[in-house]
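> Have a look at this prediction, sequence included:
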Amino acid sequence: PGVGNLSLKSAVLNIVDDLPAGLTYVASSDSGSAAGQVVTWDFTTLATDVVLSAGQTKTVTVDVTVDNTASGTLMNNALTGSGKTSNDVVNPVEAPAHTVTKSVYKTGDTAQTSLNGQTVAAGDLLTYGITVTNSGKGNLSVADFVKTISDKLPAGLTVVTVNDAGSASGQDVAWDLSNSTQVLKTGETVFVSVDVKVNDDATGSLKNMAKTITQTSNEVINSITLPKHALLKDVRKKGSTESANGVDVIGGEELTYVLTLKNTGSGNLSLKDFVKKVSDAVPTGTTVTTVGSGGVNDNDTIVWDLS
């Protein structure tokens, strides 16, 4: 400040504002021009000089956008061609924030009715859905702040299909978002999913979480119903499909004993893992003539090895 008039054209000359990294130039007032991060108001080219009397001010403005990748602190000042430097203006950049939510539902269920905490069975087809939500106040660059979504599937599951351009290697499923151009506004989401099958030999429970580079989802848990089966036995006269249970027989008559395994559970039944073997002691008073379905007569006990 001085006591006389101030000529912008001859005394101030120009104002220069070197914008910090993390800002992108949009527009400026008073014919300001930008070259990269440097914004300049050149008063030496004014057709008509602006002269400020004591106490008068001249304000110029520049509009900028905070980049989606900005972080840390934005510190900025301006200077004039006559060597005057402004005060610093300082703005901390609030780091983008996101949450990860995991869901599980039956494959093909468009309503995505949650099965979290419920019981599933061998052979069931399930879909794990993963939702990334921008929970911050500003934009969220998916490529810069989410980068990748990963899901390590628990034992007992087999990948059927990885949706949304994901990939699988064994139990490890991943979605590489490092080249995504998607920018989420507050509350907007990214959704990916993987379809899996509950293995026929699965037991216990399925516990699963998903991750991004900085966040971990909630855990989804499903207990597995153990397979159930019943063994039914019948006797028939050879060549007949009718039961002879309780019917008198005579010496020399040929009979067929029929054993039937029935899956009485809600899911698939792996004979190898949950039945393993069927055995039948030959009753006294009979002689084995033929054993079907790969059975073996072991000292008058017929054994079918299903392992």
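Structure's in. What do you need?
> okay, CA-based contacts and neighbour counts for the rest of this
Will do.
> so how many other residues sit close to residue 196?
22 (other CA atoms under 10 Å).
> Same question for residue 125.
Neighbour tally, residue 125, other CA under 10 Å: 20.
> let's number from 28 now, not from 1
That works, and once the first residue is 28, the last one we named lands at residue 152.
> who does it bridge with?
residue 224 (DSSP bridges).
> Let me see the ranges of the helices in the stretch 128-277 of the chain.
Using DSSP state H, counting those that start in this stretch, no helices are assigned anywhere in the stretch 128-277 of the chain.
> What segments of the stretch 178-327 of the chain are strands?
Applying DSSP state E, counting those that start in this stretch to the stretch 178-327 of the chain gives strands spanning 184-189, 194-196, 199-203, 210-211, 216-225, 232-235, 237-238, 247-252, 256-264, 282-290, 304-308, 323-324.
> Tabulate these in a markdown table, adding columns for distance to residue 273 and mean pLDDT.
Supplementary listing: the strands of the stretch 178-327 of the chain in a markdown table, determined by distance: least, CA to CA, whole Å; pLDDT from 0 to 100:
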| stretch | distance to residue 273 | mean pLDDT |
| --- | --- | --- |
| strand 184-189 | 47 | 98 |
| strand 194-196 | 58 | 98 |
| strand 199-203 | 58 | 98 |
| strand 210-211 | 75 | 98 |
| strand 216-225 | 43 | 98 |
| strand 232-235 | 45 | 97 |
| strand 237-238 | 60 | 98 |
| strand 247-252 | 37 | 97 |
| strand 256-264 | 9 | 95 |
| strand 282-290 | 13 | 95 |
| strand 304-308 | 19 | 95 |
| strand 323-324 | 25 | 96 |
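> most packed of those?
strand 237-238 (a mean of 24; mean count of other CA atoms under 10 Å).
> quick revisit: relative to residue 332, which of the strands of the stretch 178-327 of the chain is closest?
strand 304-308 (4.7 Å; CA to CA).
> other SSEs contacting that closest one?
When contacts are defined as 3 or more CA pairs under 8 Å, 6 or more residues apart in numbering; DSSP states H and E, strand 304-308 sits against strand 328-332.
> Now for the residue in the chain sticking out farthest from the centre: which residues touch it?
What lies farthest from the middle of the chain is residue 278; by CA atoms, centre = their mean that is 69.6 Å. With CA atoms under 8 Å, 6 or more residues apart in numbering as the criterion, no residue contacts residue 278.
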